[in-house]
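Engineer: Starting from these lines, generate the structure:
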Amino acid sequence: MRDSSPLPPMSTGDWPVMKPGWVWLCGAGPGDPGLLTLHALNALRQADKVIYDALVDPSILAWAPQAEHVYAGKRGGKPSALQRDISLQLVEMARAGYRVLRLKGGDPFVFGRGGEEAQTLVQHGIPIRIVPGISAGIGGLAYAGIPVTHRDVNQSVTFVTGHDQSGQTPGTLDWQAISRGSQVIVIYMGMKHIRQIAQALIAAGRAPDEPVSVVTSATTPDQSVLETSLAACEDDITAAGLEPPAIICVGRSVLMRQVLDWQAMAQGAAPRDLDPLGRGRPAESA
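Structural biologist: Next comes the predicted model:
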């Protein structure tokens, strides 16, 4: 019989205490509230102010009923607060003696501007604590049934962002080096410039038919997964009507979804291919 008793309280003697005037920069994970860490939950229970991003699930905020919830979301192409204003707002709140929780989607240090905000706080003499979170490039792909590493596919994985501070494809990325050096490439915020990115990778030597997966709204009830190829991904994204936020994975690990689509199997679907990499031997064999 399932135990429905409430979870035991978190002992303040065993968990970090958020002190007045401190700012904790905390990752909220890729979307599913269940992927929040216990340190993040502990922070939510103590904060006076929770400054949260656009991709933070609203139900997570319910774990901080005592706090003021302040929206500071930044979404590409939409009106957003300036990063400088967000950082300085954190400084002001801390100086006013509040316990401040900066809650960011995914991990604060993975394409989340957490490093910039933390540096601003330290430069203004504000004490900080960093609470890592599950990044969408790992957790989001796992929910789609795609392992970012697999011994028969890759010994390296590269995480890149699809746009820079100007909103354009980063000009500093060496696509030739990335193409040669990493069997699997995970692209954050890349849908807007997927045509340029795909063309750059093909020009750098990646095969046009290389498997690609696009996972939108990862780990949430609205999650959608598109399996395509490098040459066809732009047209297929348009045809499917997909919208950000999205994680794009390039590489043969995408094929593993044919055997690891655990959400579909939980609904009764059979695996499409028990050996999608064509190993010809059981998975447990060396």
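
Engineer: ranges for the helices of the stretch 151-286 of the chain?
Structural biologist: Under the criterion DSSP state H, counting those that start in this stretch, the stretch 151-286 of the chain contains helices at 175-181, 194-203, 233-240, 257-260, 262-266.

Engineer: and the longest one, how far out from the chain's middle?
Structural biologist: Put plainly, it is helix 194-203. Its chain's C-alpha centre and that of helix 194-203 lie 22 Å apart, by C-alpha atoms, centre = their mean, to the nearest Å.

Engineer: Quick one: residues in contact with it.
Structural biologist: Contact with helix 194-203 is made by 162, 169, 175, 178-179, 185, 187, 190, 208, 212, 230-231, 233-234, 237, 248, 250, as judged by C-beta atoms under 8 Å, 6 or more residues apart in numbering. Heads up, the C-betas are built off the backbone N, CA and C, glycines and all.

Engineer: now swap in the fourth one and tell me
Structural biologist: The list of residues contacting helix 257-260 from outside it, by C-beta under 8 Å, 6+ apart, reads 144-147, 213, 225, 227, 271-276.

Engineer: Between all of those, which two are separated the most?
Structural biologist: 225 and 275 (20.5 Å; C-beta to C-beta).

Engineer: ok, these two, which is more surrounded?
Structural biologist: For residue 225 versus residue 275, neighbours defined as other C-beta atoms under 10 Å are more numerous around residue 225 (22 against 14).

Engineer: Do me a favour and average the pLDDT over stretch 72-92.
Structural biologist: Mean pLDDT, stretch 72-92: 80.

Engineer: I should have written stretch 153-172 there, sorry.
Structural biologist: 80.

Engineer: so how far does that stretch reach from one end to the other?
Structural biologist: Terminal residues of stretch 153-172 lie 27 Å apart, using C-alpha to C-alpha, to the nearest Å.

Engineer: Could you pull out the buried residues of stretch 30-49?
Structural biologist: Using 16 or more other C-beta atoms under 10 Å as the test for burial, stretch 30-49 gives 30-33, 35-37, 39-49.

Engineer: Buried subset of the contacts of helix 194-203 as a PyMOL selection?
Structural biologist: Those of those that count as buried under 16+ other C-beta under 10 Å are selected in PyMOL with:
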select buried, resi 162+169+175+178+179+185+187+190+212+230+231+233+234+237+248+250
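
Engineer: doesn't residue 102 fall inside a strand?
Structural biologist: Yes. Residue 102 forms part of a strand when assessed by DSSP: H, G, I helix; E, B strand; the rest coil.

Engineer: residues touching it, list them.
Structural biologist: By C-beta under 8 Å, 6+ apart, the neighbours of residue 102 are 23-26, 51, 90, 108, 114, 117.

Engineer: Out of those residues, which is nearest to residue 255?
Structural biologist: Distance to residue 255, by C-beta to C-beta, is smallest for residue 108 among those, at 31.8 Å.

Engineer: so how far is residue 56 from the closest residue to the closest one other than its chain neighbours?
Structural biologist: With sequence-adjacent residues excluded and distances taken as C-beta to C-beta, 6 or more residues apart in numbering, residue 108 is closest to residue 114, at 2.9 Å. For residue 114, the distance to residue 56 equals 13 Å [C-beta to C-beta, to the nearest Å].
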